[in-house]
Each structure stands twice: as C-alpha cells, then as structure tokens.
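Trainee: build me a structure from this.
(chains A and B)
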Amino acid sequence: MNLEAMTLERLKQGYRIKQFSVKEITTAYLDRIKRLDNKINAFIHLCEEEAVKEAKALDERIASGAEVGPLAGIPVAIKDNICTDGFKTTCASKMLGNFVPPYDATVVKQLKEAGAIVIGKTNMDEFAMGSSTENSAFKITRNPWNRDKVPGGSSGGSAAAVAAGFTPLAIGSDTGGSIRQPAAFCGVVGLKPTYGLVSRYGLIAFASSLDQIGPITKTVKDCAYSLEVITGKDPLDSTCYKGVVNRDYKEILEENIAGLKIGVPREFFQEGVDHEIQQAIKISIKKLEEMRVIVEEFSLPIMDIGLSTYRILSSAEASSNLARYDGIRYGYRSDNSADLEELIVNSRTEAFGKEVKRRIMLGTYVLSSSHYNNYYKKAAENRISIENMFKEALKKYDLIISPTTSQLPFNIGEKIAHSLEMHQSDIYTVFANITGIPAISIPCGFSQSRLPIGLQFMGSPFSEGKLLTVAHQLEERLTLQQQGLELEVREGCD
Amino acid sequence: MRLETIIGLEIHVELATKSKIFCNCSTVFGGVPNENTCPICTGLPGTLPVLNEETVKLAITAGKALNCEINLVNKFDRKHYFYPDLPKAYQISQFDIPLCKKGYMEIDLGGNQKIVNITRVHMEEDAGKLIHLENEPVTLVDYNRAGVPLIEIVTAPELRSPEEAVTFLKSLKTILQYTGVSDCKMQEGSLRCDVNISLRQVGQETYNTRVEIKNLNSFREVLKALKQEEKRQRELYLHGKGDTIQQETRRWDENKQNTVIMRKKEESQDYRYFLEPDLGTLVIEESMIQGIEDNLPEFPRARRERILKQYGIKEDQADLLIREKHMINYFEAVVTFGGNPLEISNWITVELFKELKGKGEEVRIPIKPKYLAELIKMVQEESISRPAGKLVLKELLVKDKSPAEIVGEKDLEQISDVQELETIAFNIITENPQAVEDYKKGKAKAVGYLVGQVMKATKGQGNPQLIKEIIEKEVQK
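Mentor: Got it, this is the predicted structure:
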C-alpha cells in the first residue's frame, strides 16, 4: 500500500474503511518529505509536530464517531505567501525571513475547519515574482521529473510537492500564471479560480487586482474536492464575490459534455510554440471531439498587448503593496543607518532580491505623475479592451483551450539572467488574471524527453463547474494516470 | 498698492464613528498606545480593508450639511509616501472623484451674510502618531489613530482675511457638531486645519503664488499664523519683492510665534495615486441620501431663532449657549424639568461658565440637568439664598448628589423665620450704635453694613430681603 501515491479521494476512502489511520497518512507523507525533499527543495519549513498532533486528534474524533470535515486527514502544503497563524510566512524573501503572522489566512482557516492537516510551507519566487522559483531567497526548487529543470513558478514549491508525492494537495497563488505554469511544468493539475471566488485575506499581496489563490492536485477530481472547501464569501475581503455560486463541483464532473463549444484562439498557436506542445494539444482536441465536443478555431488578436498590460499593472500594484516593508514594524531591518530615510532605504536595499527591485522600480515609474498617462492609464484601458474581447469570445464558446506554456520546462539557470525571456513564460496565462476569469491547467502528455506538457482551459466568470467537468473527462480519456504518471514521479525522486 | 488677501482652507475632521474606517478597532481617543489596533489597521502583510458603512453615512451627512452634490459612483485611491506613522506606506483616500462636491456654507460677518463655496469633501483614513522621546534618540509609534475615518473639506479661495477664516472655521465646527458628524475637539486633533494664503492687487483676476501652512491646532493658531504670513507677504509686495514668494509649505512654530518653512515646491512629493484595488466600487443609493437629508438635525442658526422665540432668553446668552451643541442641549434639558428659562440661562451662562472657565469650551457639564433645575428652583422659592445656591453649584460639580442632599449636609437652608431673624437683628443693632447713628445722619449705606452683619451671624443662611426689611424698620424707629 503506497499512501503517498494516492489521490485525495482515495485517501478519504482509506481511513473511512479503516484501511489506515489519519496519523499513518500524515507520517507517511512527512517521512517521504524528510527522505527526499533534500533533492527537490519544495518546502521552506515543515509543521511536523502540529501536523502529527492534529492527525492524532482527528483519529480520536473519527474513532468516537464524530462528524469530520470534507478534507479530514488530508495533508496540505501551503505556499509561503499565505499567512499561517504562529508559523513563519516568508514570501521566500529575506525581508520577511522571520515574519510570524498572528492570524490564519481565510483559506487556511477553511482548510483547517474542513479537517485538512497543514504539513508545511512551500518555496516560491520571492513575493511570487517569477516563473521558475529561482528567485527564492532561500533555495532553488527542482522539477521532480528532471532535477536539472525548473519546476516553474512562482508556486514552484507547491507544484513540485504534489508532483513528488509529498502531499496530495498544495495551495498556490496565481497573479499571471503562478499556479498554472508550474502545474504544467510538474505534470499536475492547477486551477486559478475566478477573481473573487476565493478570499484573498491573508495572501500577502503582489498585485491585488490580479492575485487569486487556488489548489494544485494530482487529479481534476481532487481539485474539485479542494475548491469546494476554499470558496465562499468572506467578510474580511471586499473583493469576494457576493452572489450565489453552486459549489458542488464534484457532483457534476460526470455530466454529459457533448455539444459544448470550445474555441481555439488561432493566435495562441503561432510561432514560438514548442512543436511537441502543439502536438499534445492537438491530440487533446481530437479526444474532445471524440466526446462530441464542438471545437472551433477563432481569432483573438490580443497576444501583443497581454504581457505588457500585465507587466505594467502588476508592477504598479506591486510597488504599492511592497511599500509597507520599511523595516519599522516587522521584517528585516538594516543595522547600518544614520537616520530614518537611510533605515528605510537600506532595509529595502539589503532585503529585497533583484527581480523584486526591478518590479518595484518599474511600478514606481509607471505610476509617477509624469508617466502615469503613458503607461498605467494605457494599461488600464488595455485591460478593459482585453476583458471585452474575452467576454465576446465566451459568449460564443463555453470554454477556450490553449497550451498553458509555449515551452517545455527549461534548465535551472537558463533564463534567470534574461528577465524578458522569463516573462514570456506567462504569455498564455496572464489573460485569465487580467480579465478575472477562471482557468485550469491539466497534464495532457509528455515530451520525448519525458517532460510534462500542460493544457489550459479558460471559461466565463464562475464557470469553474464546467471547467472542471470538461477537464476531468478529458483527463480520464487521456489516461495519463494509467500511463504511469505516478511511477515517473517516484523514479524522478528516488 | 492696495492688496487683498486670498485664503482657502483644507480641513481634516475625524468622523464620530465607533469603529475605524477599515476594521473593527475602536476610535476612542486617549487609549494606551497601540491598544486599539489590529493586523488590519497596522497594515500587516496579507490583511485587507473593508469599508465601514457608518463612515459613508457621516461623510454624506457632512456633504448635505454643506449643501454639496453627492457623487453616486465612488472609488478609493492609494496615496503613497514613506513615513513610520503610515503602516501601509499609502493612505487610502479619494483622489480625483470626491464623495461630495460643489457645496457652500453661509457665514455671518457682523450681521452681513457671506457665501463661501466648498470645492469638495472626501473620505480618507488617518495616520498614527510619532512620539519622540526627550532625552533618548528613540521615536515610538502609536497606531491608535491609524485608520480613524476622516473627511477632508476643501474651500474655494474665497476668504478675504484671517478673521474671516476663523469665523468660517467656527461656523463649520458648530455645523459638524450639530449634525453629529464629528465632536470637533481641536485639542484631541479631531478637527485640524491647513491654510493656503496669497495676496494680490485689488482688481487683479488671477491668483499669485500661494503658501500653505500646516499643523494648525487651534483657532488662535490659525489666526496668528495667517496674520503673520499675511504680514510677511504684504511686506514683500510693498518692497517690490512679491515675485520672490515661493510656492512652499510652512508650519506654525508655537515657540517662535511665527511660520517656518517645511518644504519647498521642488521637494513636493509624487504621491503616485492609483485606484485602490482592495475596495470595490462604492455605489450610493439615492434613497440613502434622501434618508440622511430627511434626518438632518436643526442647524445652529435655526435653533438660535427658535430658542430666542420659545424661551425669551437674552440674545448674548443664546449666542453663548448655541456655540456648543452639548451646551444648548443641556439648557433645553434643564428647562424640561421646569423653572424660568431666563433664570436657567443666567445660571448656565454666568455661574456655571464661571466655574468651568479654563477647562476649555468642549468640557461636558457634570451636573445632571434635573439637579440644576432643582437648585435654581430652590433659590427662586427662597428656600436657600443666592450665595448658598452658588455654594451648592460648586458642590454639584464634584459630587453626584441632589441639591437637597447637599443643602441638608451643609445646613444651608435659608432662614426666613421673621421672629428668628428679628432676634438676631436686634442684637446686631444694639452692638452697632454707630451704624444706626450714621444712618440717621443720612448714610443709607449703613443699612447694608448691618444686613451684612446679620448674614454673617446666620452663616449666610438668612433671607437677605427679609433682613433688610427688618433692619430698615428698626433703624427708622
């Protein structure tokens, strides 16, 4: 019996029929992490003691016949930019190296209430800025499929942890693709929900109008299970959706998808897309057609403005959100400063990494009164036209399909010095953030070099149900699981 | 060269909400440092603001009291600057679209009415406070005030003298108090004022370079600072050096009794305003505005007219009472317990004000209205003398007892028993033959002396009117 390879769903069944206990699940995963994470570096810190304690308590409750939550006993890894009460939350930055939040993020609270067991905090690009997890101030995470490759980013630690069998569920955050791109690189499922579906309270902000928290799992069904737990209104987040959403995602996974219309934006398949990725998507499209889904090519002429709009908006908001780290109240404080101004300048200079500084400077520039109209204002206008184009497209199509990334996972160190090339990693993913719509990345095949390939579905706001249903049925049809997805992960690790 | 003074005001007013603008912390003044704080108002990573609806209601109330148009679709903006009292390094404010605009307020300039236009009123959050230790190179921060809701009121540059500016501020303060928008306690910083001042030749249509003066914490400082700056600029113009006036920010230095420079224009900050993404669009319903308008309380001017008509009190006393809402409320509360309004007004504006003097006009009266009414009644019915009444008033200020109890304790009951008083008066007359002589020689004052002696003998409890009658009757014999 291999607990670490099990899906979340299978684990739930297991302890219900007393095949194994919650404590056994927890220790199995923790043992695996301790044995193998030195090769992957998915975690920044573990919450071992508390996790085992929680697991024991849960076993007792289960034994006493008490009701337990929908994720009872499921280990969960949390990206280190999501606050955990009493546990360090560093954003993989020297700036917050010792920051211990006095509160749980709403998602952490929801997960705990659902019975999930927080086992640790995962590595990431500093303040979620990056696409390779190389921008962490602490360690470089490796791709479990090939340890010379990056796991993607910024939620690289979370994606690698699921791929390496360290946890059946990890939570990430996605500002321009930070859940979906690493999910694609690591061969796992990653969902960026509709903006406002999941509370951002406790997520350390990078770009507030783009950030969303979402789950990373082995299967689409596990994703549906997890999403049900972390959605819902939150009085602490004014941007949370206040309307009614049907959250029974797993109930509709088997609904008939025949007759649904899926659009293929021509511009997403032009030059620069890896040939093997193109092939893999084509196979998936064929599978969808076999299920009598109508797939149609159409034009979405936005490729040229997506990334620049994203860069300007996200950097502007980042420069504002990261201004509070001044060394005064918490976080890193420089020892060498003669006065207040020096204290602030030196603390920031010494504690922020290169990429973070780059974005703060860019953001400050585009918001300054003499450049505001040329940059920020234009980007905000572009955002509206992109939103309108997607709205139009999603009137015609139930979903839009595209590759998650244009390239296969690249080598560690390959792109870190080339900021612009690195930014290209987000070329297909930023649109869901700019427009606020939901998007999911699922594995759809492998390259000849045995590297995973990701496929992305995008849908109308709050169409997560449809997104998950189509993704689930395609996943079943692709039978990658049966093709030894798990085995590969383990071989990559052991 | 005939010069005229151009003054515009920016007034920050703390709204009288119970909790802060974006979290549930209390707004109460004077707590232990950082007692009223939470992760949200100290801007801890990951926290988000949620707008307190009460803030919007009070801001609209202010807007309506100042005859403003209310903007229906609103947003918030971030205003950035680095300073330790600002936990997020940006202030959530409203930049290009204020909640209220195009209003006006009427002020009374010695009988003449003047309309002063209000350019805008917008909502924002207050910052914390720095405390510099005296003998150590240490600065502490108190975030109790961080996140307290403010409105900023901006007037058009239509005030023409420092005195006019102060008149405007006084009327504004009264209106904001009457409408419950703010307690406007200047000592506690819940009303703060920045002024802009420039001079120009009479008849000139454009404005000259203006100077801003910040951190004015009392009407007296506003007046003094404006007068000083007016004088400084006037002298420069009269010496042909008007063009050397720079657009700059100065502050009032209480020790130097003058304005000192804070920063020049080129040092002015770029606040990098942009839309606050953590707060959604704020849509105001017409019905909400209507509800607020329908419930606006009686304004000071109208109330003064009503008070005069209804109670027939003296005009100068009405003016004193109307100045603070709690004072006029107190007067009316005492009146409801019966008694002569004229007497009540006298007691409050003369005797009580004398006792409260030096404690600031914002001080609350600690005497229950019922007790003051009883006290005045006792004096009027002559069960105690007026001097004894004043004694009881002093006691009432420090003790929570009824006037009757205090009178009993202090044995202050007035002696109106004619026989008893006659006995004492006879003795006094016998002991003071000289005074009687004086009277008979035509010195009417001698009666006063004898009455005084009787009062002394009765420890002030004798009924002075009766004593006077008795003495006059006796010495004339």
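
Trainee: near chain A, which residues of chain B?
Mentor: In this structure, chain B approaches chain A at residues B:39, B:42-51, B:78, B:80, B:82, B:84, B:87-90, B:141, B:270, B:272-275, B:277-280, judged by Cβ under 8 Å from any Cβ of the partner chain. In this view, the C-beta of every residue, glycine as well, is placed from N, C-alpha and C.

Trainee: so A:Ile400 lies in a strand, does it not?
Mentor: Yes: assessed with DSSP: H, G, I helix; E, B strand; the rest coil, A:Ile400 lies in a strand.

Trainee: and it, how close does it get to chain B?
Mentor: Per Cβ to the nearest Cβ, to the nearest Å, A:Ile400 is found 25 Å from chain B.

Trainee: swap in A:Arg383?
Mentor: According to Cβ to the nearest Cβ, A:Arg383 stands 11 Å off from chain B.

Trainee: now do residue 336: how many residues are near it, please.
Mentor: Just so you know, I chose chain A. A:Asn336 has 9 neighbours, counted by other Cβ atoms under 10 Å in any protein chain shown.

Trainee: wait, chain B was what I had in mind.
Mentor: A count of nearby residues for B:Thr336, using other Cβ under 10 Å, gives 10.

Trainee: measure the nearest residue to it once chain neighbours are set aside to B:Gly338 for me?
Mentor: In this structure, B:Thr336 finds its nearest non-sequential neighbour in B:Pro369, 7.4 Å apart by Cβ to Cβ, 6 or more residues apart in numbering or on different chains. Separation of B:Pro369 from B:Gly338 (Cβ to Cβ, to the nearest Å) stands at 11 Å.

Trainee: which of the two has more residues huddled nearby?
Mentor: Shown here are B:Pro369 and B:Gly338; by other Cβ under 10 Å, B:Pro369 has more neighbours (18 against 12).

Trainee: residue contacts, that one?
Mentor: By Cβ atoms under 8 Å, 6 or more residues apart in numbering or on different chains, B:Pro369 lies in contact with B:330, B:333-334, B:336-337.

Trainee: same check on B:Val335?
Mentor: By Cβ under 8 Å, 6+ apart, the contact list for B:Val335 reads B:311, B:341, B:344, B:373.

Trainee: I'd guessed the second one sits against B:Tyr311; true?
Mentor: Yes: counting by Cβ atoms under 8 Å, B:Pro341 touches B:Tyr311, with 3.7 Å between them.

Trainee: just to revisit the earlier point, ChimeraX command for the buried members of the residues of chain B next to chain A?
Mentor: The following ChimeraX line selects those of the residues of chain B next to chain A that are buried, judged by 16 or more other Cβ atoms under 10 Å in any protein chain shown:
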select /B:39,42,43,44,45,46,47,48,49,50,51,78,80,82,84,87,88,89,90,141,272,273,274,275,277,278,279
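
Trainee: what about whichever residue of the stretch 51-200 of chain A sits closest to chain B, how many neighbours?
Mentor: Relative to chain B, the nearest point of the stretch 51-200 of chain A is A:Cys83 (4.5 Å; Cβ to the nearest Cβ). Residues lying near A:Cys83 (other Cβ under 10 Å) number 28.

Trainee: which ones are touching it?
Mentor: Residues near A:Cys83 by Cβ under 8 Å, 6+ apart: A:89, A:101, A:103-105, A:108, A:202-204, B:45-46.

Trainee: and of those, the nearest to A:Leu478?
Mentor: Checking these against A:Leu478 with Cβ to Cβ, the nearest one is A:Leu203 at 31.8 Å.

Trainee: thinking that closest one is in contact with A:Pro101, fair?
Mentor: No: taking Cβ under 8 Å as the definition, A:Leu203 is not a contact partner of A:Pro101, at 11.2 Å.

Trainee: ok, these two, which is more surrounded?
Mentor: Legend: neighbour count by other Cβ under 10 Å for A:Leu203 and A:Pro101, higher for A:Leu203 (28 against 24).

Trainee: which intervals of the stretch 1-150 of chain A have sub-threshold pLDDT?
Mentor: With pLDDT under 70 as the threshold, the stretch 1-150 of chain A has low-confidence stretches at A:1.

Trainee: what residues does it have near chain B?
Mentor: Proximity of the stretch 1-150 of chain A to chain B, by Cβ under 8 Å from any Cβ, involves residues A:82-83, A:89, A:91, A:96, A:99, A:101-103, A:105.

Trainee: buried subset of those?
Mentor: Among the residues of the stretch 1-150 of chain A next to chain B, those buried by neighbour count (16+ other Cβ under 10 Å) are A:82-83, A:89, A:91, A:96, A:99, A:101, A:103, A:105.

Trainee: include secondary structure when you put those residues into CSV, please.
Mentor: Listed next are those as CSV, based on three-state DSSP:
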residue, secondary structure
A:Ile82, strand
A:Cys83, coil
A:Thr89, coil
A:Cys91, coil
A:Leu96, helix
A:Phe99, coil
A:Pro101, coil
A:Tyr103, coil
A:Ala105, coil
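
Trainee: and these, which two are the farthest apart?
Mentor: Greatest spacing in those, by Cβ to Cβ: A:Cys91 and A:Tyr103 (15.8 Å).

Trainee: how about the top helix by length along chain B: buried residues?
Mentor: What stands out as the longest helix in chain B, according to DSSP state H, is helix B:219-238. Within helix B:219-238, the residues scored as buried using 16+ other Cβ under 10 Å are B:219, B:221-226, B:228-230, B:232-233, B:237.

Trainee: before we move on, what about stretch A:409-419?
Mentor: For stretch A:409-419, burial by neighbour count (16+ other Cβ under 10 Å) applies to A:409-410, A:412, A:414-416.

Trainee: likewise stretch A:245-256?
Mentor: Residues of stretch A:245-256 classed as buried by neighbour count (16+ other Cβ under 10 Å): A:245, A:247, A:249-250, A:253.

Trainee: then stretch A:450-469?
Mentor: In stretch A:450-469, counting by 16+ other Cβ under 10 Å, buried: A:451-469.

Trainee: cheers, nothing more for now.
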